[in-house]
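**Student:** Dropping a prediction and its sequence here:
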Amino acid sequence: MEISRLKVVDLFAGCGGLSKGFENAGFNVVAAFDNWDPAIEVYKQNFSHPIIKCDLGDSVNFDHIVKYNPDIIIGGPPCQDFSSAGHRNESLGRAELTNSYFDIIELIKPKYFVMENVPRIQKSQLFNPLIEKFKSLGYGLTQTVIDASLCGVPQQRKRFVLIGEYGANDNFVSDAIENNLANKQMTLHDYFGDSLGFEYYFRVPRSYNRRGIFSIYEPSMTIRGVDRPVPKGYLGHNADPIKLNSSIRTLTVKERSMIQTFPQDFKFIGSKTTVNQIIGNAVPVKLSEFIGNILKSHILNKS
């Protein structure tokens, strides 16, 4: 079977981290869907296939997806209501888009699907019923939490990944995932070498009980959707590798995107605030590529 013949659609695509990774793995992404104009405009700058603006919380829009007759559906329903950095409030409505993702799978019944989210989704009220509903459709499920820094991403970023195959047994690629994870976390220096031009940088901590200065000889902390300059009131932390000095700065927007493993020529447009949010919300490209390669090997081995 030629992987490039399998049609993939990306739901809740954002700026295209999942799409780019699956393309890198050799899949044919034929369309993407999202409802946030700034991310859609960035997506259009970087992909030749269409991205369709629509509200996937409304089933009237599912027909837009059906016409592509996808073999594989990938997607990351908005996770703010599950996130440790968000409101953790499932009543705000965005959590319901996870159920919409299931409704789309139920309607189209692709051979495979991949859903990613924050690890806290496993503690949500909708999680266990969602898993049972996928199983009732006949899908075997592999579910795992992956540290992106073990998948070629120089960043500590854990994501929950659910991979479904119609007619398969549960855990059908669990061993493959475990066997392909790196033995150590990837550092910024592992990924960039000396090209960044600095050894230490600042990331504003959520509270001053946490450190703010980091080294390139460790993975980056999770790239968030907000970025602020070094605060004048920062007095240092005993875990900082060095004291704050005039040479230490925060990461640029481009550096943040590259730590998310977007290629250097990936185009971002919009205000700095908006682009930072787009980048922080994205799936790291190399994490997506890792998942895509796991699925590709499974499909090729079966054929």
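**Tutor:** Nice, thanks for sending it over. Numbering: from 1, shown residues only.

**Student:** Output the below-cut-off pLDDT ranges for the stretch 151-300 of the chain.
**Tutor:** For the stretch 151-300 of the chain, not a single residue meets the criterion pLDDT under 70.

**Student:** Would you map the strands across it?
**Tutor:** Read by DSSP state E, counting those that start in this stretch, the stretch 151-300 of the chain holds these strands, from start to end of the chain: 158-166, 200-202, 213-215.

**Student:** want to throw those strands into JSON lines with distance to Leu130 and mean neighbour count?
**Tutor:** C-betas here are computed from N, CA, C, even on glycine. JSON lines is the format used below for the strands of the stretch 151-300 of the chain (distance: least, CB to CB, whole Å; neighbours: other CB atoms under 10 Å):
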{"stretch": "strand 158-166", "distance to Leu130": "9", "mean neighbour count": "21"}
{"stretch": "strand 200-202", "distance to Leu130": "39", "mean neighbour count": "20"}
{"stretch": "strand 213-215", "distance to Leu130": "36", "mean neighbour count": "19"}
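
**Student:** Nearest approach to Phe22 belongs to which of those strands?
**Tutor:** Each of those was checked against Phe22 via CB to CB, and the shortest separation belongs to strand 158-166, namely 12.4 Å.

**Student:** Now tell me what touches that closest one from outside.
**Tutor:** Judged by CB atoms under 8 Å, 6 or more residues apart in numbering, the contacts made with strand 158-166 from elsewhere in the structure are 105, 109-119, 121-122, 134, 137-148, 172-173, 283, 287, 291, 294-295, 298.

**Student:** Now, of the residues you listed, which are buried?
**Tutor:** Judged by neighbour count, with 16 or more other CB atoms under 10 Å as the criterion, the buried members of these are 105, 110-119, 121, 134, 139-144, 146-148, 172-173, 283, 287, 291, 294-295, 298.

**Student:** among those residues, which are in strands?
**Tutor:** Among the buried ones among the contacts of strand 158-166, the ones falling in strands (DSSP state E) are 112-117, 139-144, 146-147.

**Student:** And those, which is closest to Phe268?
**Tutor:** Distances from Phe268 to these, taken as CB to CB, are shortest for Glu116 (20.9 Å).

**Student:** OK, contacts around Tyr191?
**Tutor:** Taking CB under 8 Å, 6+ apart, we find Tyr191 in contact with Gly152, Val153, Pro154, Ile259, Thr261.
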